[in-house]
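In: everything below, folded, please.
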Amino acid sequence: MTSSAVWLLVPVIIFLAAFFVYPLLKLVAISLPDGSIEHYRQIFMTPIFLRVIGETFKMSLIVMVCTVLLAYPYAYAMAHGSRTTLLVLTVALLIPFWVSLLLRSFSWIVLLQNSGLINQLLMGLGLVEKPVRLIRTPIGVTIGMVHILLPYAVLPLYTVMKKIDLRLLEASSICGASWFHGFRRVYFPISLPGVMAAAILTFTLALGFYITPALLGSPRDMMIAQMIANQFNERLNFGLGAALAVVLIVLTATAFGLFGAGRALLARRTAQIGGA
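Out: Down below sits the predicted model:
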């Protein structure tokens, strides 16, 4: 790298240092008043904090699985459908980005409440006799979070699937494999990098969700971001709030690292199979 290229990096380094590294170090300093780890001890010794951390990971995993399962066929249709199908699905995918996250969450309140459209539809079809409780439940939180995260899962899947040649499935059918077996043994393994990327992105984003769980969930469904906001805004316990934020950052980085290691292992295994 030439010296001129290095100088081009200086503004970026200054920006990151001023607006990312320094605030992060400040957050860590606030969480360690006078060098004490009391706030961290309180977090890992108090059942309520451990329950919220566990609930956060549990909800994030559920949302990740549901989002990827919905995004996979959607991305497949985008990658291998007609130009009209691609245009319609792309517009439908991008429209939510034009609406604020808060407004989308409020929309789900209207849809999921006892007198909302979903319950009216279920009762109109005769599937239920009385309204199903969807709001203020984990189901409502899951629906709202999946809706918001779906575009983030579809895009990496579409990027990978677009490069897959469907003639591979035709070749497998010539060899006697059914469409299902060809898809399972040929297409799906090739698309796994996209699946991993979608899973990493949705899981790490879900860990930090605040608005949607606060609006659609109950106090029992509280996630760690809500508890951080509670410590800062209501209890004014900045040290404990900062410690919770640091714990969230560390856990998110750990999860990201585990997913990255799994993706690297998958890529190495795929390369070995290809070389063989």
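In: what is the longest helix along the chain packed up against?
Out: Counting residues, the longest helix found in the chain (DSSP state H) is helix 238-275. Here helix 238-275 touches helix 22-31, helix 38-45, helix 47-80, helix 188-207, helix 224-233, going by 3 or more Cβ pairs under 8 Å, 6 or more residues apart in numbering; DSSP states H and E. Glycine gets a C-beta too; all of them are placed from N, C-alpha and C.
In: if you count neighbours, what's buried in that helix?
Out: When neighbours are counted by 16 or more other Cβ atoms under 10 Å, the buried residues of helix 238-275 are found to be 239-248, 251-252, 255, 259, 263.
In: swap in stretch 62-80?
Out: 62-64, 66-68, 70-72, 74-79.
In: ok, and what's touching that stretch?
Out: With Cβ atoms under 8 Å, 6 or more residues apart in numbering as the contact definition, stretch 62-80 has outside contacts at 85-86, 89-90, 93, 138, 142, 145-146, 149-150, 152-154, 157-158, 161-162, 164, 166, 191, 194-195, 198-199, 202-203, 206.
In: of the residues you listed, keep whichever come out buried.
Out: The neighbour-count criterion (16+ other Cβ under 10 Å) marks 86, 89, 93, 138, 142, 145-146, 149-150, 152-154, 157-158, 161, 164, 191, 194-195, 198-199, 202-203, 206 among the contacts of stretch 62-80 as buried.
In: how many neighbours does the residue nearest to residue 136 when sequence neighbours are not counted have?
Out: The shortest distance from residue 136 to any non-neighbouring residue, by Cβ to Cβ, 6 or more residues apart in numbering, is to residue 218 (4.3 Å). Using other Cβ atoms under 10 Å, residue 218 has 13 neighbouring residues.
In: run through the residues that contact the most centrally placed residue in the chain.
Out: Note on the chain: the residue nearest the mean C-alpha position is residue 202, at 1.8 Å, using Cα atoms, centre = their mean. Residue 202 makes contacts with 63, 64, 67, 68, 149, 152, 153, as judged by Cβ under 8 Å, 6+ apart.
In: identify, from the residues you listed, the entry nearest to residue 97.
Out: Nearest to residue 97 among those, counting by Cβ to Cβ, is residue 152 at 10.2 Å.
In: any idea how far the closest one is from residue 194?
Out: Counting by Cβ to Cβ, to the nearest Å, the separation of residue 152 from residue 194 is 12 Å.
In: likewise for residue 65?
Out: 15 Å.
In: in helices only, show me the contacts of stretch 62-80.
Out: Among those, the ones falling in helices (DSSP H) are 85-86, 89-90, 93, 138, 142, 145-146, 149-150, 152-154, 157-158, 161, 191, 194-195, 198-199, 202-203, 206.
In: could you measure from residue 143 over to residue 8?
Out: Separation of residue 143 from residue 8 (Cβ to Cβ): 45 Å.
In: what does residue 89 give?
Out: Separation of residue 89 from residue 8 (Cβ to Cβ): 39 Å.
In: next one: residue 56
Out: Going from residue 56 to residue 8 by Cβ to Cβ gives 39 Å.
In: of the two, which one has the most company?
Out: residue 56 (24 against 10).
In: you'd agree that one is up against residue 223?
Out: Yes. In this structure, residue 56 is within contact of residue 223 by Cβ atoms under 8 Å, at 4.5 Å.
In: export the helix or strand where residue 109 lies as CSV, just CAs?
Out: Assigned by DSSP states H and E, residue 109 belongs to helix 101-112. What follows is helix 101-112 as a C-alpha-only set of coordinates in CSV (Å, rounded to 0.1, in the frame of the first residue of the first chain):
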residue,chain,number,x,y,z
LEU,A,101,-39.8,0.9,12.4
LEU,A,102,-42.0,2.5,15.0
LEU,A,103,-44.9,2.9,12.6
ARG,A,104,-44.5,-0.7,11.5
SER,A,105,-44.6,-1.9,15.1
PHE,A,106,-47.7,0.2,15.8
SER,A,107,-49.3,-1.3,12.7
TRP,A,108,-48.9,-4.8,14.2
ILE,A,109,-50.6,-3.6,17.4
VAL,A,110,-53.7,-2.8,15.2
LEU,A,111,-53.5,-6.1,13.4
LEU,A,112,-52.8,-8.4,16.4
